[in-house]
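Q: Sequence and predicted structure are below.
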Amino acid sequence: QLRLVESGGDLVQPGGSLRLSCLTFGSTLEYYAIHWFRQAPGKEREGVSCLSSSERSTYYTDSRKGRFTISRDLTKNTVYLQMNSLKPEDTAVYYCAADRYSYCSGQYRSWGQGTQVTVSS
């Protein structure tokens, strides 16, 4: 069972950048698609991005495309979410999740505990 631990969340000013990390262990990362989600207070969880085992990336809204970049480092068993030009509406708890498959199917096998991102001046 692949386990995931997020880190990198912080308080950042509008226009700033953060890189979130999703450390994986317990299984081999290269066989899994990994998703990033977020959930803001009082709002439903929404998908941010997904990286398949073949490193094909998907971004779930056009507004994030170009600001957010998903990537991975297999030597560190880690998937990253680089977030640039952050806006207050990006404030949320960010989660990573492992897909049941090697592609981004939307069916999940495991989740991390989340990391808080706050964008505020």
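A: Sure thing, it's come through.
Q: hey, let's count contacts and neighbours off CA atoms from now on
A: Will do.
Q: Quick one: residues contacting Met83.
A: 17-20, 67-69 (Cα atoms under 8 Å, 6 or more residues apart in numbering).
Q: any low-confidence regions in this protein?
A: Applying pLDDT under 70 to the chain picks out residues 62-64.
Q: most centrally placed residue in it?
A: Trp36 (2.7 Å; Cα atoms, centre = their mean).
Q: in terms of contact, does that residue touch Ala92 like I think?
A: No - Trp36 is beyond contact range of Ala92, at 11.9 Å (criterion: Cα atoms under 8 Å).
Q: ok so, going back, which of the contacts of Met83 fall within helices?
A: Applying DSSP state H to these, no entry is found in helices.
Q: Any quick PyMOL command for the buried ones out of those residues?
A: Buried residues within the contacts of Met83, by 16 or more other Cα atoms under 10 Å, are selected in PyMOL with:
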select buried, resi 17+18+19+20+68+69
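Q: Looking at the contacts of Met83, which two lie furthest apart in space?
A: In the contacts of Met83, the most distant members under the criterion Cα to Cα are Leu20 and Arg67, with 13.5 Å between them.
Q: Now do the SS call for the residue lying closest to the residue nearest to the centre of the chain once chain neighbours are set aside.
A: Using Cα to Cα, 6 or more residues apart in numbering and skipping residues adjacent in sequence, the residue nearest Trp36 is Cys96, 4.4 Å away. Three-state assignment for Cys96 (DSSP: H, G, I helix; E, B strand; the rest coil): strand.
Q: Thanks a lot, catch you later.
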